[in-house]
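**Student:** Structure for this input, please:
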Amino acid sequence: MCPVFLFIGCGNQTPAARWEAADRRQTGFAFPGPLYDVITPDSLDTPVIWSQNYPLLISTAAITEEVDKGDTVFSGAEPFLHLERERAEMELSMAEAIGDRAAQDSLEAFLSDSSFIVFITAPASGHIRILVEQGKTVQPGDNMAVITGAPPDSVYILSPVYTHIRWPENLNGCTVTDRGLQCRGAWPGEEASLPGTWSLRQQFIHEDGLRTYVVSSMGDTLPITIIGSTDTSRIIYSVLPLDSISLLGWN
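**Tutor:** I've put the predicted structure just below:
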């Protein structure tokens, strides 16, 4: 029989005893992450992307180096319709050679119909770099050109002031660039925070293989991503808010 004063240490602990042991572990809180420097980009690269759900055979491509927003950059058609047009041009030549006026009228009417031609216009003004040539076929999602121009007032870059490791993935309205995280929205000022970033001491960050997480004092596991560090803490990103949540340390 266990002595009374050693009861908790003998045999399997009860749930209450396990919670009591957890309660004795070090607890702490995540604090809002550091502010980022806000930079105005010198220029902005705007891609020209084929966004329809079918392939497009390029008939013409811009030969100029500068474009204005709304200028035609490419024209083309579905490959099948392009082949039909080439076939009609050959048949028209044959009809003209044999003097078949009825066939000529029909084929000329078909060839004069430009409704099947797709025109792709420039989404911005600036210097254009063409990535696909005339006669090439692009697929849905392909990048066809890049236009480099002056950025609008709604574009800014967040530059980290800590030792940076990575940026969080899939941030709406933001793109990773060489200078930092390029975002769209109202100008935030000379400094800005990034929602979802927190500062947390290392002893409250748990790692298990590729998993990185924090544990609340109630036992909930919350996934996080380590994106950087300072002299005293790690900078983390969490989809779930961590404010006012008591976190458990390692021991």
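
**Student:** residues near the closest residue to residue 42 other than its chain neighbours, how many?
**Tutor:** Using CB to CB, 6 or more residues apart in numbering and skipping residues adjacent in sequence, the residue nearest residue 42 is residue 151, 8.0 Å away. In this view, the C-beta of every residue, glycine as well, is placed from N, C-alpha and C. Residues lying near residue 151 (other CB atoms under 10 Å) number 19.

**Student:** which residue ranges form the helices in the stretch 1-150 of the chain?
**Tutor:** Using DSSP state H, counting those that start in this stretch, the helices found in the stretch 1-150 of the chain span residues 15-23, 79-98, 101-112.

**Student:** rank those by pLDDT, which is bottom?
**Tutor:** The minimum mean pLDDT among those belongs to helix 15-23 (a mean of 44).

**Student:** domains for this structure, by residue range?
**Tutor:** With domains defined by automatic domain parsing, the chain comprises 23-34+195-248, 37-43+152-192, 46-149.

**Student:** tally of neighbours for residue 126?
**Tutor:** Residue 126 - counted by other CB under 10 Å - has 21 other residues nearby.

**Student:** ok, the residue nearest to it when sequence neighbours are not counted - how many residues close by?
**Tutor:** Leaving aside its chain neighbours, residue 126 sits nearest to residue 149 (2.3 Å; criterion: CB to CB, 6+ apart). Neighbour count of residue 149, defined by other CB under 10 Å: 19.

**Student:** One more: residue 233?
**Tutor:** Neighbours of residue 233 (other CB under 10 Å): 20.

**Student:** looking at it, it is touching residue 204, isn't it?
**Tutor:** No. At 9.3 Å, residue 233 and residue 204 do not qualify as touching, with contact defined as CB atoms under 8 Å.

**Student:** Please enumerate the strands of the stretch 51-200 of the chain.
**Tutor:** Counting by DSSP state E, counting those that start in this stretch, the stretch 51-200 of the chain has strands at residues 56-61, 66-67, 72-77, 118-121, 126-130, 137-138, 143-149, 155-159, 163-164, 174-176, 181-184, 191-192, 197-200.

**Student:** of these, which approaches residue 46 most closely?
**Tutor:** Nearest of the strands of the stretch 51-200 of the chain to residue 46, taken as CB to CB: strand 143-149 at 4.7 Å.

**Student:** which strands and helices sit next to that closest one?
**Tutor:** For strand 143-149, the elements it packs on are strand 44-49, strand 72-77, strand 126-130, judged by 3 or more CB pairs under 8 Å, 6 or more residues apart in numbering; DSSP states H and E.
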